[in-house]
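A.B. asks: A structural model of the following input is requested.
(one chain, ligands or ions: 1)
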Amino acid sequence: MLNIESIRAQFPILSEKINGKPLVYLDNAATSQKPLRVLSAWENYYRSYNANVHRGIHTLSQIATEEMENARKKVQRFINAEFDHEIIFTRGTTEGLNLLAYAFTSKLRPGDEILISHLEHHSNIVPWQMLCERTGAKLQVIPMNDSGELDLLAVDALITEKTKIVSINHISNALGVVNPIEYIIKRARAHSSAYIVIDGAQSAPHLKIDVQAMDCDFFVFSGHKMYAPMGVGALYGKEKHLLDLPPFHGGGEMIAECTFEKTTYAALPFKFEAGTPNVGGNIALGAAVDFIEEIGQQHIAKHENTLLHYAQQQLLSLGGVKIYGQDALRAGVVSFTLEGAGIASDAGMILDKLGIAVRTGHHCTQPIMNFYGIAGTIRASFAVYNTLEEVDLLVEGVKKAKKMLL
Ligand code: PMP
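C.D. replies: Numbers count the residues shown, from 1 in each chain. Below is the predicted model:
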């Protein structure tokens, strides 16, 4: 059993009052709160050893370099990558996906296909559309069904020799649905030579990730959804692919030698890390990994599942609540609308007055909203520090919102 009170005590923001009420923070799929050890790792860097990394011969630069490279090793262990140079620090999932879409440009020909799914975040749609525009490749989409699940029969038909990239999210941010990526990866390996990209923005905070067992080629995620600061994240890539692909950004740090005639690129991972990195943020990402691993991903997943199922059951008991993906395998998210209660943001504003933070709207997944013919949902999303009492407050709040809006 987790000691949630002692976990909560590590998050100063959780004792804030919002509109005179204790904060009930249920917007974790948008961004999680940060524990003291992450805040102090970040602050300690700026207070005690702020310096630019790599190539510095002075002591502070060496400490900063060592700490950042240590954080890279933590991330490597966190997702079970084979080598630490397979971890590229990024600004987050969006940058990771754009890096890949750019790097694949020379690999595609007109008529090639890129396969995504109907359940993607815009950041796993738009970079691929831009890549299609550059290369003449075609975007293919695995359809979803009413239950919020991917149509697996369609997967079989859509993966062919023409498929050059498969990019799928592990967990949908809008619905919380856990996609059968193991199945999709197996089919992709059997019937194509596609690069396989997994958008792990929502799974890295909730599930134990093992990129080698998963057998993906790339895995991208954001630090800020897993207790680390904003503006940091990681791209994992298999060594052979990272060696083969061209860099995304050009600049300092990423060169071996630079002349006006020709520039050669640095070894991995630096080839993909042009410019001064977010040293303090990357170090704090390492601290977030420590935080998660100390609690244990299995314990986190179990606790969040308990919250999710309790929330679902209680919300349904109110009547007039429609939960999207209700029967699908889900993690961390309950996404719902109130029948006849107008737009989701009205309910969101009422909940805010009660100190309850949820997200309302399309959650950067307009194709999912279009599929259901709605403008948006109310989304409550959980983290390890949330409690059953907070779910009760949410349900009470929704009850009030229903009364006021109907
Ligand atoms: N993919 C998914 C599934 C997400 O949930 C998010 C963030 N909502 C992103 C991609 C984009 O992440 P970021 O904004 O941190 O780059």
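A.B. asks: burial check on K225, number of neighbours?
C.D. replies: Using other C-beta atoms under 10 Å, K225 is surrounded by 28 other residues. For glycine as for every other residue, the C-beta is placed from the backbone atoms N, C-alpha and C.
A.B. asks: tell me the buried residues in stretch 168-188?
C.D. replies: Going by neighbour count (16 or more other C-beta atoms under 10 Å), the buried part of stretch 168-188 is 168-181, 184-185, 187-188.
A.B. asks: which of these fall in strands?
C.D. replies: Here DSSP state E is the test, and those give I168, N169 as lying in strands.
A.B. asks: filter the buried residues of stretch 168-188 down to the ones close to the ligand.
C.D. replies: If you filter the buried residues of stretch 168-188 for contact with the ligand, counting by C-beta under 6 Å from any ligand atom, you are left with N169, N173.
A.B. asks: measure stretch 315-322 end to end?
C.D. replies: Chord length of stretch 315-322, first to last residue, is 9 Å (C-alpha to C-alpha, to the nearest Å).
A.B. asks: could I get the average pLDDT for it?
C.D. replies: Average pLDDT, stretch 315-322: 96.
A.B. asks: need the contact partners of it.
C.D. replies: For stretch 315-322, contacts defined as C-beta atoms under 8 Å, 6 or more residues apart in numbering pick out 323, 326, 334, 336-341, 394-395, 398-399, 402, 406.
A.B. asks: ok, now stretch 155-166?
C.D. replies: With contact meaning C-beta under 8 Å, 6+ apart, stretch 155-166 is reached by 104, 107-108, 111-116, 128, 137, 140, 142, 183-185, 187-188, 191-197.
A.B. asks: go with 7 Å
C.D. replies: Where contact means C-beta atoms under 7 Å, 6 or more residues apart in numbering, the residues beyond stretch 155-166 that reach it are 104, 107-108, 111-115, 137, 140, 142, 184, 187-188, 191-192, 194-197.
A.B. asks: what do you get for stretch 197-209?
C.D. replies: With C-beta under 7 Å, 6+ apart, stretch 197-209 has contacts from 29, 32, 79, 93, 97, 100, 121, 124, 165-171, 173, 181, 214, 216-222, 225-226, 297-298, 300-301, 304, 331-332.
A.B. asks: hang on, the earlier thing: show me just the buried residues among the contacts of stretch 155-166.
C.D. replies: Buried members of those, scored by 16+ other C-beta under 10 Å, are 104, 107-108, 112-115, 137, 140, 142, 184, 187-188, 192, 194-197.
A.B. asks: quick one: which of those sit in strands?
C.D. replies: E113, I114, L115, Q140, I142, Y195, I196, V197.
A.B. asks: can you name the residues bridging to the first one?
C.D. replies: When bridges are called by DSSP bridges, E113 pairs up with K138, T163.
A.B. asks: same thing with the fifth one?
C.D. replies: According to DSSP bridges, the residues that bridge with I142 are S117.
A.B. asks: quick one: stretch 246-266 to chain centroid distance?
C.D. replies: Distance, stretch centre to chain centre, for stretch 246-266: 30 Å (C-alpha atoms, centre = their mean, to the nearest Å).
A.B. asks: give me the residues contacting that stretch.
C.D. replies: Residues outside stretch 246-266 that contact it (C-beta under 7 Å, 6+ apart) are H54, L99, Y102, A103, S106, F270, K271, F272, E273, A274, G275.
A.B. asks: let's verify the third one: helix, strand, or coil?
C.D. replies: When states are read from DSSP: H, G, I helix; E, B strand; the rest coil, the local structure at Y102 comes out as helix.
A.B. asks: got it, and the first one?
C.D. replies: H54 carries the three-state label coil when classified by three-state DSSP.
A.B. asks: thought it was touching T65?
C.D. replies: Yes: using C-beta atoms under 7 Å, H54 is in contact with T65, at 5.6 Å.
A.B. asks: CA atoms only for the helix or strand bottoming out on mean pLDDT in the chain, dumped as CSV, please.
C.D. replies: The weakest-scoring helix or strand in the chain, judged by mean pLDDT, DSSP states H and E, is helix 344-353 (a mean of 92). The C-alpha trace of helix 344-353 is given here as CSV (Å, rounded to 0.1, in the frame of the first residue of the first chain):
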residue,chain,number,x,y,z
ALA,A,344,-17.8,21.1,-21.4
SER,A,345,-16.1,24.3,-20.4
ASP,A,346,-19.2,25.5,-18.4
ALA,A,347,-18.9,22.4,-16.2
GLY,A,348,-15.1,23.0,-16.0
MET,A,349,-15.7,26.6,-14.8
ILE,A,350,-18.1,25.4,-12.1
LEU,A,351,-15.6,22.8,-10.9
ASP,A,352,-12.8,25.4,-10.9
LYS,A,353,-14.9,27.5,-8.5
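A.B. asks: now that helix, how far from the centre of its chain.
C.D. replies: On C-alpha atoms, centre = their mean, the centre of helix 344-353 falls 25 Å from the chain's centre.
A.B. asks: which residues does that helix contact?
C.D. replies: 19, 337-338, 341, 358, 360-361, 376-378, 397-398, 400-401, 404-405.
A.B. asks: can you tell me the element the residue most central in space within the chain falls in?
C.D. replies: The residue lying closest to the centre of the chain (C-alpha atoms, centre = their mean) is A201, at 1.0 Å. Using DSSP states H and E, A201 sits within no helix or strand.
A.B. asks: mind checking pLDDT for it?
C.D. replies: The predicted local confidence for A201 is 98.
A.B. asks: so who does the closest residue to it other than its chain neighbours touch?
C.D. replies: Leaving aside its sequence neighbours, A201 sits nearest to T93 (C-beta to C-beta, 6 or more residues apart in numbering; 4.2 Å). By C-beta under 7 Å, 6+ apart, T93 lies in contact with S123, D199, A201, V220, F221, S222, G233.
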